[in-house]
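> next comes the sequence, and after it the predicted model I'd like to discuss.
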Amino acid sequence: AQKVTQAQTEISVVEKEDVTLDCVYETRDTTYYLFWYKQPPSGELVFLIRRNSFDEQNEISGRYSWNFQKSTSSFNFTITASQVVDSAVYFCALYSGGGGFKTIFGAGTRLFVKA
Amino acid sequence: GAGVSQSPSNKVTEKGKDVELRCDPISGHTALYWYRQSLGQGLEFLIYFQGNSAPDKSGLPSDRFSAERTGGSVSTLTIQRTQQEDSAVYLCASSSTGQGGTDTQYFGPGTRLTVL
């Protein structure tokens, strides 16, 4: 069965702090894809990153970085020097062949960044 | 270019009435997905269309829910005899090739449905 767990329901930080959002996934497939999406207060989900299971290289994009570790089935997301505009709900998602055409989303982590 | 659009943005209806929610995907995108997001919850997959293939309806919660996609573009999600538990935000997404879920999905702003 495919499953995505985001254990952190809400996180609150002060601006300029670093924050890591955890994502743990379950799948029996060897080929799969992991995603992070951001849902700001406006409601529209915004794609952040896609990673396939054969590429464990960590990625950095500006203040965002992702740590993919197959050994622990985790795909964690770190925001460095957080800003108020980072306040949103962040969703981790998994697609694998065993899940058909359904992308499985985690429950999301709500991040509050206070000025 | 234009993103995914959905209408209406908000819909309030009475229990037992039928509602139709519309999604206009990004032009040229062959795959279209519907999700439901209940208050404070994650996304629940409802249905997936890919080109002219038969849709994957496995996520539809009951036979009161149906969806169609005309001409491979616009999609309508219909909920018959609405119940209060249908209240949620209904999100539509499209992707360019629809290779299963490997292709990046672009989401619309959603329709907030409230059933009184």
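Noted; the coordinates are in hand.

> helix or strand: which one has the residue nearest the centre of chain B?
Taking C-alpha atoms, centre = their mean as the criterion, B:Trp34 is the residue nearest the geometric centre of chain B, at 3.0 Å. Remark: B:Trp34 resides in strand B:31-37, with elements defined by DSSP states H and E.

> any buried residues in that strand, and which?
By neighbour count on 16 or more other C-beta atoms under 10 Å in any protein chain shown, the buried set for strand B:31-37 is B:31-37. To be clear about C-beta, it is placed using only N, CA and C from the backbone, and glycine gets the same treatment.

> name the strands paired with that strand and say parallel or antiparallel.
Using DSSP bridges, the strands paired with strand B:31-37 are strand B:43-50 (antiparallel), strand B:88-95 (antiparallel).

> chain center to the next helix or strand after the first one, what's the gap?
Spelled out, it's strand B:43-50. Downstream of strand B:43-50, the first helix or strand assigned by DSSP H and E is strand B:65-69. Distance of strand B:65-69 from the chain centroid (C-alpha atoms, centre = their mean, to the nearest Å) equals 8 Å.

> what strands flank the following helix or strand past strand B:65-69, and is each parallel or antiparallel?
For strand B:65-69, the succeeding helix or strand toward the C-terminus, using DSSP H and E, is strand B:75-79. Its sheet considered, strand B:75-79 pairs with strand B:19-24 (antiparallel), strand B:65-69 (antiparallel) by DSSP bridges.

> low-confidence ranges, chain A, go.
A:98-101 (pLDDT under 70).

> residues from it in reach of chain B?
Residues of chain A lying close to chain B by C-beta under 8 Å from any C-beta of the partner chain are A:33, A:35, A:37, A:42-47, A:50, A:52, A:91, A:93, A:95, A:97, A:99-108.

> out of the residues you listed, which are buried?
By 16+ other C-beta under 10 Å, the residues of chain A next to chain B give A:33, A:35, A:37, A:43-45, A:47, A:50, A:91, A:93, A:95, A:97, A:99-108 as buried.

> restricted to strands, list these.
Within those, residues falling in strands by DSSP state E are A:33, A:35, A:37, A:47, A:50, A:91, A:93, A:95, A:104-105.

> check what contacts the worst-scoring helix or strand of chain B on mean pLDDT and list those residues.
Lowest by mean pLDDT, DSSP states H and E among the helices and strands of chain B is strand B:43-50, with a mean of 90. Here strand B:43-50 makes contact (C-beta atoms under 8 Å, 6 or more residues apart in numbering or on different chains) with A:91, A:93, A:101-105, B:30-38, B:55-57, B:59-61, B:65, B:67, B:69, B:75, B:77, B:90-91, B:98.

> hang on, isn't A:Tyr37 packed against A:Leu45?
Yes: at 4.6 Å, A:Tyr37 counts as touching A:Leu45 under the criterion of C-beta atoms under 8 Å.

> overlap in contacts of those two?
Counting by C-beta under 8 Å, 6+ apart, the contacts common to A:Tyr37 and A:Leu45 are A:91, B:107.

> in chain A, which residue sits nearest chain B?
Proximity to chain B, evaluated over chain A using C-beta to the nearest C-beta, is greatest for A:Tyr95 at 3.1 Å.

> that residue bridge partners, please.
Beta bridges link A:Tyr95 to A:Tyr33 when assigned by DSSP bridges.

> wait, it sits on A:Thr31?
No: using C-beta under 8 Å, A:Tyr95 is not in contact with A:Thr31; the gap is 9.7 Å.

> span of stretch B:3-21 from start to end?
Using C-alpha to C-alpha, to the nearest Å, one end of stretch B:3-21 lies 17 Å from the other.

> residue contacts, A:Asp18?
By C-beta under 8 Å, 6+ apart, A:Asp18 lies in contact with A:78-82.
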